[in-house]
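# predicted model follows, preceded by the sequence.
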Amino acid sequence: KQHPLAWPTAVFAAVIALLGTAPAFAQLKPGDKAPAFKLDGTDGKTHQLTDHVGKRAVVIAWTEIVHTWVNEAVHFFRENGKAIRKFDVAYYTASCDSIEVNKKFSKTLDLDFPILSDPSLKAATAYGVSDGKRKYPARWTFYIGKDGRILHIDRKVKAGQHGVDVAAKLAELKVAKRKK
């Protein structure tokens, strides 16, 4: 005879296991063509991947503006901007927040690079950092080559050293240095 709590315990264990796993978002990988995006930036411009294909590499770091973790990650991204700008690369952070929220955040931290806004979740879903319903994207950084293909995806971003990690990864990927 089965224990009376066997079935509820099994269901509870299954629910906990599912909650503890990563969401089943689209899984891009290096070599894949990067999804096109056209997003408004905190610098007042509209940015799109097609502006850079054939010209320079692109780094897009997805983040969630409403969390304190972001202050640290974006701060280090800004603080290491000089090292990142040594490479021929356009770099952005992107969030699913409104442009108004992102502009306020950008101004508060005195950022020298644009935050891209994707409140529709369209680009976030295409990049696999959201399932199209989840407003807060996974904190992943995408490195896209001049050919528009994904070179690397960092799915384990370390907030306190993100800017340093980005510069090191650009060197490792042999992204061209910016011409003086």
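Structure received.

# next, the residue nearest to the spatial centre of the chain: phi, psi?
Centre of the chain computed as the mean C-alpha position; nearest residue by CA atoms, centre = their mean is W62, 2.0 Å away. Backbone torsions of W62, given as degrees, to the nearest 10, read phi -80, psi 140.

# quickly list what it is bridged to.
A94 (DSSP bridges).

# show me what contacts it?
Neighbouring residues of W62 by CB atoms under 8 Å, 6 or more residues apart in numbering: 93-95, 124, 127, 129, 137-142. (Glycine included, C-beta is placed from N, CA and C.)

# confidence-wise, which of the residues you listed comes last?
Across the contacts of W62, the bottom pLDDT score, 82, is held by A138.

# ok, the closest residue to it other than its chain neighbours - contacts?
Closest residue in space to A138, ignoring its immediate chain neighbours: V129 at 4.4 Å, by CB to CB, 6 or more residues apart in numbering. By CB under 8 Å, 6+ apart, the residues touching V129 are 25, 62, 137-138, 140.

# in CSV: these, plus secondary structure and distance to N102.
Formatted as CSV, these follow (DSSP: H, G, I helix; E, B strand; the rest coil; distance: CB to CB, whole Å):
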residue, secondary structure, distance to N102
F25, coil, 22
W62, strand, 13
P137, coil, 13
A138, coil, 18
W140, coil, 18
